[in-house]
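**Q** let's see this in three dimensions:
(one chain, ligands or ions: 1)
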Amino acid sequence: MANNTFKQHFGITLKDRRKLRKHNSFLIWFTGLSGAGKSTLANALEKVLFERGIGTYLLDGDNVRQGLNSDLNFTEEGRKENIRRISEVANLFVDSGTVVLAAFIAPFEADRNNIRTILGEENVVEVYVSTSLKVCEERDVKGLYKKARNGEIPNFTGISSPYEPPSSPDIIIDTSSLDVEECVQQILEKIIPKLGLK
Ligand code: ADP
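**A** Presented below is the predicted three-dimensional model:
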């Protein structure tokens, strides 16, 4: 859209904010099927980081869809805009010096690539929660798979809408073979160096 806005530059920079926080800021994005364990892991990981004095914020699919993105549906167009807005919000948080944990299905590779474009490759850690459809459906935490199988939910990922597995995620976690603590430990090992704790 053509407009007459200009990027403003301010005195306090991202570098300054990171220095104040004593750690780097970036986005940890959990992608995977509904019920794969994204929210559970993001929540558990945030607790560990918080206890270590890391400035964090958690963005969760269901919560954001009830507020900022309540006007969007689950069509490809709606999902694309959902991810774009979340990425822009995450970008602001990362710019504020915060470690952002985002738990969103984000079923399309093109949308996930867009996250990297918006935030910059170096500011994104993609965690693929690879728990199989079979296990997710057996868990059926929110009863959504049953409804989707009965045709009550259109465009349901894994049932009536595709999930494109990430081609090169930074971390792959299958929650059917590990407990929550073990999963968190695996993610921590990868992100501790990236935090650059001072
Ligand atoms: P999502 O956010 O991906 O839709 P949820 O986190 O809401 O998934 O649900 C995942 C379910 O799987 C929860 O009921 C959780 O207790 C269970 N679960 C079992 N083992 C694990 C594990 N290792 N990691 C995460 N969740 C697990």
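**Q** got the residues of the protein near the ligand?
**A** Neighbours of the ligand within the chain, by CB under 6 Å from any ligand atom: 32, 34-41, 103, 139, 141, 175, 178-180, 183. Where C-beta positions appear, they are placed from N, C-alpha and C, glycine not excepted.
**Q** of those residues, which belong to helices?
**A** Secondary structure from DSSP state H places 38-41, 139, 180, 183 of those in helices.
**Q** now rank the residues you listed by neighbours and give me the top one.
**A** In terms of neighbour count, Lys38 stands highest of those at 28 neighbours, by other CB atoms under 10 Å.
**Q** can you find the helix or strand of the chain with the lowest average pLDDT?
**A** One helix or strand of the chain scores below all others by mean pLDDT, DSSP states H and E: helix 61-66, with a mean of 91.
**Q** and that one, what's buried?
**A** Across helix 61-66, burial judged by 16 or more other CB atoms under 10 Å covers 61, 64-65.
**Q** what's downstream of it, the next helix or strand?
**A** Using DSSP states H and E, the helix or strand that follows helix 61-66 in sequence is helix 76-95.
**Q** who are the packing partners of that following helix?
**A** Packed against helix 76-95, as judged by 3 or more CB pairs under 8 Å, 6 or more residues apart in numbering; DSSP states H and E, are the following elements: strand 27-31, strand 56-60, helix 61-66, strand 99-103, helix 109-119.
**Q** in a markdown table: those, plus distance to His9.
**A** A markdown table is the format used below for the helices and strands packed on helix 76-95 (distance: least, CB to CB, whole Å):
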| stretch | distance to His9 |
| --- | --- |
| strand 27-31 | 23 |
| strand 56-60 | 24 |
| helix 61-66 | 29 |
| strand 99-103 | 23 |
| helix 109-119 | 19 |
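**Q** which one of those has the lowest average pLDDT?
**A** Mean pLDDT is lowest for helix 61-66 among the helices and strands packed on helix 76-95, at a mean of 91.
**Q** and that helix, how far from the chain's centre?
**A** The chain centroid and the centroid of helix 61-66 are separated by 12 Å under CA atoms, centre = their mean, to the nearest Å.
**Q** which residues touch it?
**A** 38-39, 72, 82, 85-86, 89, 103-105 (CB atoms under 8 Å, 6 or more residues apart in numbering).
**Q** any chance of a PyMOL selection covering the buried ones in these?
**A** Listed next is the PyMOL selection for buried residues among the contacts of helix 61-66, using 16+ other CB under 10 Å:
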select buried, resi 38+39+72+82+86+89+103+104+105
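**Q** between the contacts of helix 61-66, which is nearest Ser130?
**A** Taking CB to CB as the measure, Ser130 lies nearest Lys38 of the contacts of helix 61-66, at 11.0 Å.
**Q** residues near the residue of the chain found nearest the ligand, how many?
**A** Closest residue of the chain to the ligand, CB to the nearest ligand atom: Gly37 (2.8 Å). Gly37 has 26 neighbours, counted by other CB under 10 Å.
**Q** the residue nearest to it when sequence neighbours are not counted: what's it in contact with?
**A** Take Gly37 and drop its neighbours on the chain: the residue closest to it by CB to CB, 6 or more residues apart in numbering is Thr175, 3.8 Å away. Thr175 is in contact with 36-37, 40-41, 129, 131, 135, 183, counting by CB under 8 Å, 6+ apart.
**Q** I am finished for the moment; much appreciated.
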